[in-house]
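Student: Sequence and predicted structure are below.
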Amino acid sequence: MRFDGFGLLDGFEDERHGRRSIVVFSPVGNRAQLEAFVRHVKKLGIGNEADFAFLFRKGLSAPKTGLSELRFFEKTPLGTSGCFFAGQALCHSLGYKTIVVADLDAFLDSRRTFGSMVRMAGEEKCAVVPLSRAPGKQLAAGNYFVMNQWGVFPREVFDEAGFAIPYTCRGGEDWEFSQRLKKQGKLEVYSEGSACHPRAGSTVYHKMANGAKFYPYVSGLMLAFLFSSSYLRYLAWWLYYSFIADSFSDPQMAEAVQCRRPSVASAKQGQPPRVLIRKASASVPVPSRAIFIPASLLQLAFFSKAAYGQEEVLLKMPRWHLWLGMACAALLSPLRLVQGIGAVLAWQKERKNYPYPIMPSGVGKAAKAYLKQLKKAAGN
């Protein structure tokens, strides 16, 4: 087999049982998750229908699973977005007819869903995704899905629309890719099946409580808005996160919002927690974000806690500090808007440094641009 890692990957191991037309790609950052995933696909019988391509985190050993598999290795830490881009491009370059992208901790509800999505993707020549739900929860309203949770792609989709972008480093690439496919009429939701996947960081408070994990994802999503030219959405989220960052005096959140070269590394540890999330004694209905955020801010300011579903948010800073922060945030909002507009204008000049969209013929250039981006981020 000819191997071309685009400068991103370092070697491979081929344990395929012949050659199948379908390949399931998954990044591997955790051995335990891989073991659970292998048990899942074998139980459903998917292991008998597809080859598997696993991209292992740098430094992680690669066990044999008994599947028909290819094992690849990072040359440098790529982040989640970089791994999904590299995996799509790699499987496409290997000539597979159907490419399935699956998170290791996403579990498909049935073999029937898998087969139906593969057939649907082949017949309609479009990407097909199942609905997504959290463990123990009903399906979310509004046809909620994530592209990387058992998304099925006929190779024609990549030929015509390109690949997901790596430039967001951690998160956001699935949103940008879904928007691009929707605009081109190349995305369908398979509503008769679902993938079960843990959902974390659902509110801004969850992100604040574990900023080291979630703030890089905030940076990635903001960058995804820029790549998709969703400037009004970008400005709305810029104002929203800036108001929260000012209210809670959270410089790391502010940095995450303003960063246009996010790093694969976690945000810095060390700042004192602003909030704490704990299980509530009683469950309350989960309101919309438009209602919950202003209501919860007032609850925290008056009572130091706010309820959210089966959880509650506890304020870990003096209430007077939050009151003062909210007053400053309100006064600073016009300035934050001007700063956001300035960021959009600066992006118009920066965007030319990144090949976009990334077509099969431009994978090498995109990989070089991403490696350059990672080096710059590491130097900041």
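Tutor: Looks like it arrived, so ask away.
Student: Buried ones in stretch 202-222, by neighbour count?
Tutor: For stretch 202-222, the buried set under the neighbour-count rule, 16 or more other CB atoms under 10 Å, comprises 203-209, 211, 214-222. Any C-beta I mention is one placed from the backbone N, CA and C, and that applies to glycine too.
Student: Now stretch 30-39: average pLDDT?
Tutor: Averaging pLDDT along stretch 30-39 yields 97.
Student: As PDB, could you dump the C-alpha coordinates of that stretch?
Tutor: Taking C-alpha atoms only, stretch 30-39 is exported to PDB below (Å, rounded to 0.1, in the frame of the first residue of the first chain):
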ATOM      1  CA  ASN A  30      -7.600   6.600  24.800                       C
ATOM      2  CA  ARG A  31      -7.000   2.800  24.900                       C
ATOM      3  CA  ALA A  32     -10.100   2.100  27.100                       C
ATOM      4  CA  GLN A  33     -12.400   3.900  24.600                       C
ATOM      5  CA  LEU A  34     -10.900   1.900  21.800                       C
ATOM      6  CA  GLU A  35     -11.600  -1.300  23.500                       C
ATOM      7  CA  ALA A  36     -15.200  -0.300  24.200                       C
ATOM      8  CA  PHE A  37     -15.600   0.800  20.600                       C
ATOM      9  CA  VAL A  38     -14.200  -2.500  19.200                       C
ATOM     10  CA  ARG A  39     -16.600  -4.500  21.400                       C
END
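Student: how distant is it from the center of its chain?
Tutor: Mean C-alpha position of stretch 30-39 versus that of the full chain (CA atoms, centre = their mean, to the nearest Å) differs by 20 Å.
Student: neighbouring contacts of that stretch?
Tutor: Residues outside stretch 30-39 that contact it (CB atoms under 8 Å, 6 or more residues apart in numbering): 26, 28, 47, 54, 60-61, 63, 65-67, 102, 104-105.
Student: Drop anything exposed from these.
Tutor: The buried subset of the contacts of stretch 30-39 (16+ other CB under 10 Å) comprises 26, 28, 47, 54, 65, 67, 102, 104-105.
Student: Show me the buried residues of stretch 202-222 that map onto helices.
Tutor: 204-209, 211, 214-222 (DSSP state H).
Student: Check these against residue 98 and report the nearest one.
Tutor: Proximity of those to residue 98 (CB to CB) peaks at residue 220, which lies at 27.2 Å.
Student: Touching, the closest one and residue 168? I think so.
Tutor: Yes: counting by CB atoms under 8 Å, residue 220 touches residue 168, with 3.7 Å between them.
Student: Tell me where this protein is predicted with low confidence.
Tutor: Applying pLDDT under 70 to the chain picks out residues 1-3, 139-142, 201, 260-270, 380.
Student: Could you list the domains of the protein?
Tutor: 9-199, 204-352 (automatic domain parsing).
Student: Select, out of these, the one closest to residue 370.
Tutor: domain 9-199 (4.5 Å).
Student: Would you report the backbone torsion angles of residue 96?
Tutor: Backbone torsions for residue 96, taken as degrees, to the nearest 10, come to phi -70, psi 140.
Student: How about it: what's its closest non-neighbour residue?
Tutor: Spatially, and ignoring its direct neighbours in sequence, residue 96 is nearest to residue 23 (4.4 Å; CB to CB, 6 or more residues apart in numbering).
Student: The helix or strand containing that neighbour pairs with which strands, and in what direction?
Tutor: Per DSSP states H and E: residue 23 is located in strand 22-28. Sheet pairing here is set by DSSP bridges, and for strand 22-28 it gives strand 51-56 (parallel), strand 98-102 (parallel).
Student: Of those, which is nearest residue 156?
Tutor: For the strands paired with strand 22-28, the distance to residue 156 is smallest for strand 98-102, at 10.1 Å, taking CB to CB.
Student: Other residues contacting the closest one?
Tutor: 21-26, 37, 50, 84, 87-88, 91-92, 108, 118, 121-122, 147-155, 158.
Student: now with 6 Å?
Tutor: Counting by CB atoms under 6 Å, 6 or more residues apart in numbering, strand 98-102 makes contact with 22-26, 91, 118, 148, 150-154, all of which sit outside it.
Student: any idea which of the domains of the chain is most buried?
Tutor: Ranked by mean neighbour count, the domains of the chain are led by domain 9-199 with a mean of 19 (mean count of other CB atoms under 10 Å).
Student: quick check, distance from that one to the centre of its chain.
Tutor: 13 Å.
Student: so how far does that domain reach from one end to the other?
Tutor: 29 Å (CA to CA, to the nearest Å).
Student: Could you say which helix or strand holds the nearest residue to residue 309 once chain neighbours are set aside?
Tutor: Leaving out its chain neighbours, the residue that sits closest to residue 309 by CB to CB, 6+ apart is residue 286, at 4.5 Å. Assigned by DSSP H and E, residue 286 belongs to no helix or strand.
Student: picking up where we left off before, could you single out the nearest of the contacts of stretch 30-39 to residue 113?
Tutor: Set against residue 113, the nearest of those by CB to CB is residue 102 (12.1 Å).
Student: Out of the strands paired with strand 22-28, the one nearest residue 368 is which?
Tutor: Comparing the strands paired with strand 22-28 by CB to CB, strand 51-56 comes nearest, at 18.8 Å.
Student: How are the strands of the stretch 251-380 of the chain distributed by residue range?
Tutor: Assigned by DSSP state E, counting those that start in this stretch, the stretch 251-380 of the chain shows strands spanning 275-279, 305-308, 311-315.
Student: what angle do the first one and strand 311-315 make?
Tutor: Between strand 275-279 and strand 311-315, the angle formed by their directions is 150 degrees, by axes from the mean of the first three to the mean of the last three CA atoms, to 10 degrees.
Student: what's the spacing between residue 59 and residue 138?
Tutor: 39 Å (CB to CB, to the nearest Å).
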